[in-house]
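Novice: the following block contains a protein sequence and its predicted model.
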Amino acid sequence: MGFYQTIGKTYGRNTSILMKKLAKTCKRQASLRNRRIFFLRCRKERCTPKHIQHSVKNIRQILSGTFNAILSTKVENFIQQLYRRILSLEIKLTCDSISVTQMQLKQLKSKLYDDNIPNELVDSYVNLQE
């Protein structure tokens, strides 16, 4: 029998579901933190992630026609500025998502502590997940 099945039989299905949600939310938060670190490093190193380059590719094709050198420079500056703005927006959205997951984790932990499960078990489970 698995861990969550044992918890479900001993403390109830609701407790098992809460613990699964806590684990899933902790994974999501770790992923978001790694994403934020990646984006911040990209901004610091002045490089553009591939997914942003690919999403702006069509705009670049539309704007880069048979222009003179001055206009081509302006188009290129516009594209570079667009890269930076999209990256900054991605950083902000990721930080907002981290805040939301922190609130969800706080609520899940509170529900687990309020449940009929021993606090020592909740403490050790929470420490393992973080």
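Specialist: Thanks, I have the structure now. Remember, predicted model here, so these are calculated numbers, not experimental data.
Novice: who's in contact with the residue nearest the centre of the chain?
Specialist: Compute the mean C-alpha point of the chain, and by Cα atoms, centre = their mean the closest residue is Leu32, 2.4 Å away. Residues near Leu32 by Cβ atoms under 8 Å, 6 or more residues apart in numbering: Thr94, Ser97, Ile98, Thr101. Every residue, glycine included, has its C-beta placed from N, CA and C.
Novice: go with 6 Å
Specialist: Thr94, Ser97, Ile98 (Cβ atoms under 6 Å, 6 or more residues apart in numbering).
Novice: ok, these vs Asn58, which is closest?
Specialist: Ranked by distance to Asn58 (Cβ to Cβ), the contacts of Leu32 are led by Thr94 at 24.1 Å.
Novice: what about the closest one, how many residues close to it?
Specialist: For Thr94, the neighbour count with other Cβ atoms under 10 Å is 20.
Novice: wait, doesn't it sit right on Asn34?
Specialist: No: between Thr94 and Asn34 there is no contact under Cβ atoms under 6 Å: 9.8 Å.
Novice: give me the mean pLDDT for stretch 117-130.
Specialist: In this model, stretch 117-130 has an average pLDDT of 85.
Novice: next: stretch 41-56.
Specialist: For stretch 41-56, the mean pLDDT works out to 93.
Novice: also stretch 89-103?
Specialist: Mean pLDDT, computed over stretch 89-103, is 98.
Novice: now do the residue sitting furthest away from the middle of the chain against Arg36, distance only.
Specialist: Residue farthest from the centre of the chain, counting by Cα atoms, centre = their mean, is Asn68 at 42.0 Å. Asn68 sits at a distance of 41 Å from Arg36 (criterion: Cβ to Cβ, to the nearest Å).
Novice: dump the helix or strand harbouring Val56 to CSV, restricted to CA.
Specialist: For Val56, the host element (DSSP states H and E) is helix 50-63. C-alpha atoms of helix 50-63 as CSV (Å, rounded to 0.1, in the frame of the first residue of the first chain):
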residue,chain,number,x,y,z
LYS,A,50,14.3,31.3,-27.1
HIS,A,51,10.6,31.3,-26.5
ILE,A,52,10.6,35.1,-26.6
GLN,A,53,12.7,35.2,-29.8
HIS,A,54,10.3,32.8,-31.5
SER,A,55,7.2,34.7,-30.5
VAL,A,56,8.7,38.0,-31.9
LYS,A,57,10.0,36.3,-35.0
ASN,A,58,6.9,37.2,-37.1
ILE,A,59,7.0,40.8,-36.0
ARG,A,60,10.7,40.9,-37.1
GLN,A,61,9.8,39.5,-40.5
ILE,A,62,6.9,42.0,-41.0
LEU,A,63,9.0,45.0,-40.0
